[in-house]
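*Asks:* this one's structure only:
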C-alpha cells in the first residue's frame with residue numbers, strides 16, 4: 001500500500017522540548033509542588049540507598065535549597081548509570097562495532113549542546129525509525145492502562161498515532177525475536193533453532209537489506225548483548241554500532257542523533273534504535289532508583305533487583321542461594337547457563353530444599369524497580385523525540401515502537417522471560433506514529449512481529465522478499481486487511497504456542513530442531529503432561545490451566561475440544577514452515593559477548609559473592625533440606 005506522506009504541520013514540531021522533558025521528570029520527585037527537589041525529597045527516592053549517599057550535593061550544583069529542573073537534567077544527561085554493563089579488558093573498554101559510528105562517547109551531554117541542522121524537505125517515501133525497547137511488557141506502560149505513570153512520552157506519541165492493543169513478538173528470547181522482527185520469518189526458518197549457537201546467517205535477507213536496494217541509508221545503534229554483531233545482527237546496515245555489555249538508550253539514542261545530524265537530507269534513511277533499559281539488573285540513575293519503591297527496602301529485595309544472576313535463583317517466593325545451575329559447553333569452550341536451570345529451581349521448591357523466603361513486600365519492591373527502569377527508558381526516548389523532532393528529523397518519518405519480549409515478573413513463579421510463552425513474556429507494545437498514521441487510533445486485533453517488518457517495507461513502497469511473512473499495519477489502519485486470527489510462538493525452553501484473541505495452547509517439551517517433533521506433537525494425548533490451555537477472556541493472566549485435573553483425571557471434554565483445535569493449528573503451522581536458509585555450525589559469540597551473557601544472568605558464572613547473608617530478608621527462612629547439584633539430567637518443568 002503506497003501511503004501519502006506529508007501534512008501542513010510538521011510532525012516533529014509536536015514533541016515537547018528538552019526543557020519540558022526535564023520539568024516533567026522533576027515533577028515526579030517534587031512531592032510538595034514547589035518546583036525543586038529538596039534534600040528530604042531526594043533522600044526518600046535515593047539517599048537511603050548506601051551507594052547514593054551524598055548524591056544530593058553533587059546534583060545541587062548551585063548550593064540552593066533544592067535541585068531545579070536544569071540541575072536534575074544536567075545530572076541525568078551526564079551520568080552513565082550502568083557502568084557495570086561495560087566490559088573492561090586489559091584496562092580498556094572494548095566495543096563491538098563493524099563500522100565506526102560518529103562520536104567517541106555515549107551520553108546526552110554533546111547531543112544537548114550541539115546544533116542539529118534542519119534538512120531540506122524531500123519528496124518520496126518516508127524515513128523510518130524502528131525502536132526496540134528490550135524486555136518491555138506492554139501492560140507495564142501507562143500507554144496500555146498501567147496503574148503507574150511509567151511512560152508519559154510514549155503516551156503522547158501514541159495519542160498522535162496508533163496503538164495496537166494485542167501486539168506480540170514471535171519468541172521469548174532476544175536473538176530469536178529480533179531475528180524474526182528484522183527478517184519477517186520465524187527464528188527456526190532463519191537458522192536451526194538452537195540457543196547454544198544461534199547466529200543469523202549472512203544469507204538471511206533482512207528488512208534493512210531490502211531498503212538498501214531501494215536507496216535507503218541504514219543505521220543501527222544497538223545496546224549489545226544478544227543484539228550485538230556476535231549474533232549476526234550487523235548485516236545490512238551501512239552503519240552499525242553496538243555498545244559493550246547490555247547498555248541503554250542513554251548510550252544508543254545520542255549516537256543515532258549524531259548520525260542523523262550528518263545526513264544531507266537527499267536520501268531516505270532507516271534507523272534501528274535499541275536499549276536494554278528495562279532489562280535486569282534494574283539499576284536506574286539518581287532518584288529514579290526508588291521512584292515507586294519507597295524507602296528502606298530489605299537488603300534481599302535490593303540484591304535481587306540489582307543482581308541478575310541471583311534473581312535467576314528465585315522461584316515462587318523463595319530464593320535459593322545454593323542452587324546449582326545446569327550447564328552446557330558452548331563451542332567456544334565456555335560453560336553456559338542452560339534454560340533448564342529454571343526447572344531445577346522449580347524442582348528445589350518441590351523437593352523442600354532450604355531457601356530464603358521472599359515476602360510480598362520484597363516482591364513489590366522488585367517490581368517497582370522494573371517499573372522505574374521503564375520510566376527511565378521513557379525519559380531517554382523523550383529526549384530523543386525532543387531533539388530529533390525539534391531538528392525536523394521526524395517530520396517525514398514513520399516511527400515504530402516495539403519490544404522483543406516482556407518479563408514474567410513472578411506471574412508464573414519466575415522473574416525472567418525465558419520460562420514461558422505466557423502473555424507476560426510475549427505481549428509487547430506496538431505503536432505507530434508519524435505522517436500518514438491516523439491519530440488516536442487503538443486497534444484490538446492481534447499483531448505479529450512479522451507485521452512490523454511488512455509495515456517497514458510497505459512504507460518504503462518496497463517489494464517484500466519471497467517467503468517473508470506479515471501484513472502491513474498501515475493497510476490494517478486503512479481497512480485494507482483483516483487482523484490475524486491466530487499467532488504462533490517459539491520458546492527457548494522447548495515450547496511452542498498458538499494464541500487467538502480468546503484462547504492459548506502451550507505445548508511443552510517440544511524439541512523444535514528435531515525433524516520428528518511434528519509427529520510427536522501430533523500424537524501426544526491432550527492432558528497437562530505436555531499441554532497448557534488458557535481461557536484468556538476469563539483468565540487473562542493465565543493462572544488456571546484448563547487441562548490440569550486432580551489425580552491425573554481426564555480433562556473436561558470442552559477444554560479438550562478447544563485444545564485439539566489449537567493443536568491441529570500448531571501442527572499445520574509447523575508443517576508449513578520453510579527450512580532454515582542456512583546453518584553456520586562454527587559460528588560462535590566472542591569471549592567478550594560470552595562474559596557479558598554471564599554478567600547479566602544468561603550464562604553461568606559464580607556470583608555468590610554478591611549475595612547477602614541468608615536471613616537478611618524481612619521474612620526469614622522457608623523449608624529445610626539439603627540442596628543438590630543439578631548439572632546433569634532432566635528436571636521437572638515449572
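*Replies:* Nice, I can see it. All of these numbers come straight from a predicted model, not from anything done at the bench.
*Asks:* Show the contacting residues for residue 175.
*Replies:* 187, 198, 200, 226-227, 231, 233 (C-beta atoms under 8 Å, 6 or more residues apart in numbering). C-betas here are computed from N, CA, C, even on glycine.
*Asks:* mind checking the SS state of it?
*Replies:* helix (DSSP: H, G, I helix; E, B strand; the rest coil).
*Asks:* Test my guess that residue 458 contacts residue 470.
*Replies:* No. Taking C-beta atoms under 8 Å as the definition, residue 458 is not a contact partner of residue 470, at 9.6 Å.
*Asks:* May I have the strands that pair with the helix or strand hosting residue 399, each with its orientation?
*Replies:* According to DSSP states H and E, residue 399 maps onto strand 397-402. Paired with strand 397-402 in the same sheet, following DSSP bridges, are strand 127-133 (parallel), strand 430-434 (antiparallel).
*Asks:* after the last one, next one along is what?
*Replies:* Next helix or strand after strand 430-434 toward the C-terminus (DSSP H and E): strand 441-447.
*Asks:* where does the stretch 501-638 of the chain dip in pLDDT?
*Replies:* Along the stretch 501-638 of the chain, segments meeting pLDDT under 70 span 581-638.
*Asks:* which stretches of it form strands?
*Replies:* In the stretch 501-638 of the chain, the strands defined using DSSP state E, counting those that start in this stretch lie at 503-508, 531-535.
*Asks:* Which among the ones you listed is found nearest to residue 580?
*Replies:* strand 503-508 (20.6 Å; C-beta to C-beta).
*Asks:* Low-confidence regions, the stretch 251-400 of the chain specifically.
*Replies:* In the stretch 251-400 of the chain, residues with pLDDT under 70: 294-295, 325-341, 352.
*Asks:* for residue 242, phi and psi?
*Replies:* phi -110, psi 130 (degrees, to the nearest 10).
*Asks:* next one: the one 4 residues further on
*Replies:* Backbone geometry at residue 246, expressed as degrees, to the nearest 10, gives phi -120, psi 90.
*Asks:* Confirm for me that it is in contact with residue 274.
*Replies:* No. In this structure residue 246 lies outside contact range of residue 274 using C-beta under 8 Å: 10.7 Å.
*Asks:* Dump the contacts of residue 175 to a markdown table, plus distance to residue 443.
*Replies:* Shown next, in a markdown table, are those (distance: C-beta to C-beta, whole Å):
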| residue | distance to residue 443 |
| --- | --- |
| 187 | 25 |
| 198 | 32 |
| 200 | 30 |
| 226 | 29 |
| 227 | 27 |
| 231 | 32 |
| 233 | 29 |
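*Asks:* Out of those residues, list just those in helices.
*Replies:* The helices, defined by DSSP state H, take in residue 187 from those.
*Asks:* Just flag the most distant two among the contacts of residue 175.
*Replies:* Maximum distance among the contacts of residue 175 (C-beta to C-beta): 13.6 Å, for 187 and 227.
*Asks:* quick one: contacts for residue 214?
*Replies:* Counting by C-beta under 8 Å, 6+ apart, residue 214 makes contact with 125, 460-462.
*Asks:* Generate a PyMOL selection restricted to the buried subset of the contacts of residue 175.
*Replies:* Buried members of these, defined by 16 or more other C-beta atoms under 10 Å, are picked up in PyMOL with:
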select buried, resi 187+198+200+226+227+231+233
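*Asks:* Closest to residue 149 out of the contacts of residue 175?
*Replies:* residue 227 (28.4 Å).
*Asks:* who's in contact with the closest one?
*Replies:* Residues near residue 227 by C-beta under 8 Å, 6+ apart: 132, 134, 174-175, 178, 233, 242, 274.
*Asks:* Same question for residue 569.
*Replies:* Applying C-beta under 8 Å, 6+ apart, we find residue 569 in contact with 486, 488, 498.
*Asks:* Can you get me a residue count around the first one?
*Replies:* A total of 15 residues lie near residue 486 under the criterion other C-beta atoms under 10 Å.
*Asks:* Can you get me the start-to-end distance on stretch 507-521?
*Replies:* 8 Å (C-alpha to C-alpha, to the nearest Å).
*Asks:* Tell me the buried residues in the longest helix along the chain?
*Replies:* In the chain, taking DSSP H as the definition, the longest helix is helix 360-390. Neighbour-count burial for helix 360-390, counted by 16+ other C-beta under 10 Å, picks out 362-363, 365-390.
*Asks:* what helices or strands is that helix leaning on?
*Replies:* helix 18-29, helix 109-113, strand 127-133, helix 152-159, helix 249-261, strand 269-275, helix 299-306 (3 or more C-beta pairs under 8 Å, 6 or more residues apart in numbering; DSSP states H and E).
*Asks:* Work out the gap between it and the centre of the chain.
*Replies:* Mean-position distance between helix 360-390 and its chain equals 13 Å (C-alpha atoms, centre = their mean, to the nearest Å).
*Asks:* for stretch 482-491, same thing?
*Replies:* Using C-alpha atoms, centre = their mean, the offset of stretch 482-491 from its chain centre is 19 Å.
*Asks:* Repeat that for stretch 146-155.
*Replies:* Going by C-alpha atoms, centre = their mean, where stretch 146-155 is centred and where its chain is centred differ by 16 Å.
*Asks:* do you know how far residue 525 is from residue 300?
*Replies:* As for residue 525, its distance to residue 300 is 42 Å (criterion: C-beta to C-beta, to the nearest Å).
*Asks:* Kindly check the end-to-end length of stretch 228-236 for me.
*Replies:* Where stretch 228-236 begins and where it ends lie 14 Å apart, using C-alpha to C-alpha.
*Asks:* what's the average pLDDT for stretch 203-215?
*Replies:* The average pLDDT for stretch 203-215 rounds to 96.
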